[in-house]
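Chemist: quick one: sequence plus predicted model below, questions after.
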Amino acid sequence: EVLAWIRHSPEMTLNRNRIGLSFALLLGIAVLVVPWQESLHAPALARYAKQTSLFPAESGRLELLSLAENQAVVQGEPLFRIHSPSLQLQLQQARRELEINRRLFETQQLTTRTLASTPVTAQRLSESMSRLRGLEQQAGKLAVAADFDGTLVRRAPGLHNGQHVSSQTRLADLVATDSIEVEAYFREDQVARTRQAGGEAVFYPRDPDQAAMRLQLVDIEDWDTRRLQQPALASIYGGDIPVTRDEDGSLIPEQAIFRATFRPLQAAGQSLPRRLLGTVHLDGERTSLLARLWTHIVMVFRRESGF
């Protein structure tokens, strides 16, 4: 019909309808082929890549050292100490037993009449020494020390000297404040434009008390995420990624999403909660709708074919 319209165009006279149709046709072609810039955004989560929670190795009475919230500490520095009366009693008994077996062994070495019992006594002496070493190693773990250079944050409320704590009591968290990492999940049709965007982005937290962060793209995975490892981003927990549960309880995204990792452009020393939800925004490269459609077809073919 278009060819016939072109052939007969010299015979046609322009009127309002034909002018409108021509304008709409040109506008449609422009929408398809003209490159448009679109702001890309993806649900994201900011966290410290290097963080750990501090727990006592044994139950006992807490002895607080003079450490304040947000205080910088170095690797190996004692942070808390636990006093365990039961462990101290076991140590006393083990030392007494070792001393008795040592004296008995030395006495038998000097007496011919009891020389035949020496191997048995030697075995008991060895067992006593092993038991004492084990208990001393256990006692050495009563001091809760820093695993790495970092900052002590999120101390458990209400901790005080003499408080009884168990091995399940979280005392505080230790974080490396320069290890902030932002994990974002882009839709399949956004991946190519994310890679072409130059890598700079901005993270906007949900929490208005937290500042936005300028980011640099570090990596975006080549294959889609089959199981979401961050429940806070899942729709069933109030997140923005639609998911369903499989028979094992894993969180399965309803559409293909790709994990991207960002780092702050500047060394960040700000304090974050354990996990901070938000959105990553970046300006995509100018591209036409036809180019996006072609990219989407290629990615679907690649994913389905396993290439």
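Modeler: Received it, and whenever you're ready, just let me know what you need.

Chemist: what's the biggest strand in this structure, counting residues?
Modeler: Ranked by residue count and defined by DSSP state E, the top strand of the chain is strand 39-48.

Chemist: next helix or strand past that one?
Modeler: Counting by DSSP states H and E, the next helix or strand C-terminal to strand 39-48 is strand 51-54.

Chemist: which elements pack onto that following strand?
Modeler: Under the contact definition 3 or more C-beta pairs under 8 Å, 6 or more residues apart in numbering; DSSP states H and E, strand 51-54 sits against strand 172-175. For glycine as for every other residue, the C-beta is placed from the backbone atoms N, C-alpha and C.

Chemist: tell me where the stretch 101-250 of the chain has strands.
Modeler: Secondary structure of the stretch 101-250 of the chain (DSSP state E, counting those that start in this stretch): strands at 143-145, 150-153, 164-165, 172-175, 180-187, 200-205, 213-220, 243-245.

Chemist: I'd like to know which of those is closest to residue 227.
Modeler: strand 243-245 (9.3 Å; C-beta to C-beta).

Chemist: which outside residues touch the closest one?
Modeler: In this structure, residues lying in contact with strand 243-245 by C-beta atoms under 8 Å, 6 or more residues apart in numbering are 228, 234-236, 251-254.

Chemist: need the buried ones from those residues selected in PyMOL.
Modeler: In PyMOL, this line selects whichever of these come out buried by 16 or more other C-beta atoms under 10 Å:
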select buried, resi 228+234+235+251+253
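
Chemist: and stretch 120-133, what's buried?
Modeler: 121, 124-125, 128, 131-132.

Chemist: out of those, which are inside helices?
Modeler: 121, 124-125, 128, 131-132 (DSSP state H).

Chemist: quick one on the thing from earlier: out of the strands of the stretch 101-250 of the chain, which gets nearest to residue 275?
Modeler: strand 180-187 (9.7 Å).

Chemist: now the helices: where do they sit in the stretch 201-307 of the chain?
Modeler: 289-305 (DSSP state H, counting those that start in this stretch).

Chemist: quick one: low-confidence parts of this protein?
Modeler: Confidence mapping of the chain against pLDDT under 70 gives the ranges 1-38, 65-66, 87-88, 108-118, 135-136, 138-141, 197-198, 267-270, 284-307.

Chemist: so where's the longest helix in it?
Modeler: From DSSP H, the single longest helix across the chain is helix 85-110.
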